[in-house]
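**Q** Sharing a model prediction with you, sequence too.
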Amino acid sequence: MTPQVDERGPCPRSMDCGTCESAPATPVEAPEPVNVQLTITDKARAMLGDAFGDTEGQSLLVGVLSGGCSGYMYDLQIIEGSEPDCQTLDIEGIHVQVPNASSHLLDGIEIDYVDRLMGGGFRINNPNAGSTCGCGESFG
């Protein structure tokens, strides 16, 4: 059976993928921001202190990106200044910024640093994660 094509393009009439002009707009509701509480282990704090060096005005931006094996990936960046629409926290001398849009996913996390055979890295322990992948870098 050959799919029917209408004047808008090659969408089969029997399917509604949500991208055709006929598809209604899907409302996107942003979750309400929560006041984030997080902890940083002593080892992670030492590694961040080394990474910041003597530079003033740097922060750790802790965010979430779509993707990874489980749906979301953590995004850790050292940034200068402050980002708009972020919560700014001071965790024992480490300035941390968390975007309000992902605050509900990051409330209660622990940032740790683990040594591995092939090098070390930061690890997020997240009580909100329903599932995590084997690499520990994504969650759902």
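**A** Perfect, I can see it now. The structure displayed is predicted, hence computed values, not measured ones.
**Q** For Gly49, what are phi and psi?
**A** Dihedral pair for Gly49: phi -60, psi -40, per degrees, to the nearest 10.
**Q** swap that for Pro31, sorry
**A** Dihedral angles (degrees, to the nearest 10) for Pro31: phi -70, psi 150.
**Q** Contact partners for it?
**A** Pro31 makes contact with Ala101, His104 under the criterion Cβ atoms under 8 Å, 6 or more residues apart in numbering. Glycine gets a C-beta too; all of them are placed from N, C-alpha and C.
**Q** go again using 6 Å as the cut-off
**A** By Cβ atoms under 6 Å, 6 or more residues apart in numbering, Pro31 lies in contact with His104.
**Q** For it, give me the pLDDT.
**A** If you check Pro31, the pLDDT there is 82.
**Q** do you know how far it is from Asp115?
**A** 35 Å (Cβ to Cβ, to the nearest Å).
**Q** Over to Thr55?
**A** For Thr55, the distance to Asp115 - Cβ to Cβ - is 25 Å.
**Q** and if you look at Gln58?
**A** Taking Cβ to Cβ, one finds Gln58 at 24 Å from Asp115.
**Q** Can you report how many residues neighbour Ile40?
**A** For Ile40, the neighbour count with other Cβ atoms under 10 Å is 24.
**Q** ugh, wrong one, Tyr72
**A** Tyr72 has 21 nearby residues by other Cβ under 10 Å.
**Q** Over to Ile124?
**A** With other Cβ under 10 Å as criterion, Ile124 counts 21.
**Q** List the strands paired with whatever helix or strand it lives in, with their directions.
**A** If you go by DSSP states H and E, Ile124 is part of strand 121-125. According to DSSP bridges, strand 121-125 forms sheet pairs with strand 110-114 (antiparallel).
**Q** Okay, buried residues for the strand it pairs with please.
**A** Ile111, Asp112, Tyr113 (16 or more other Cβ atoms under 10 Å).
**Q** what about the strands in this structure?
**A** For the chain, the strands defined by DSSP state E cover 39-40, 58-67, 71-80, 86-91, 94-99, 110-114, 121-125, 138-139.
**Q** Can I get stretch 41-61 as PDB, trimmed to CA atoms?
**A** The C-alpha trace of stretch 41-61 is given here as PDB (Å, rounded to 0.1, in the frame of the first residue of the first chain):
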ATOM      1  CA  THR A  41      32.300  15.800  49.100                       C
ATOM      2  CA  ASP A  42      35.700  16.800  50.400                       C
ATOM      3  CA  LYS A  43      37.500  15.100  47.500                       C
ATOM      4  CA  ALA A  44      35.300  17.000  44.900                       C
ATOM      5  CA  ARG A  45      35.800  20.300  46.800                       C
ATOM      6  CA  ALA A  46      39.600  19.800  46.700                       C
ATOM      7  CA  MET A  47      39.500  19.000  42.900                       C
ATOM      8  CA  LEU A  48      37.300  22.100  42.200                       C
ATOM      9  CA  GLY A  49      39.600  24.300  44.300                       C
ATOM     10  CA  ASP A  50      42.500  23.200  42.200                       C
ATOM     11  CA  ALA A  51      40.500  23.800  39.000                       C
ATOM     12  CA  PHE A  52      39.400  27.300  40.100                       C
ATOM     13  CA  GLY A  53      43.000  28.200  41.100                       C
ATOM     14  CA  ASP A  54      43.400  31.800  42.300                       C
ATOM     15  CA  THR A  55      40.900  33.200  39.800                       C
ATOM     16  CA  GLU A  56      38.100  35.300  41.400                       C
ATOM     17  CA  GLY A  57      34.500  35.200  40.100                       C
ATOM     18  CA  GLN A  58      34.400  31.600  38.900                       C
ATOM     19  CA  SER A  59      31.500  29.300  39.600                       C
ATOM     20  CA  LEU A  60      30.600  25.700  39.000                       C
ATOM     21  CA  LEU A  61      27.500  25.500  36.800                       C
END
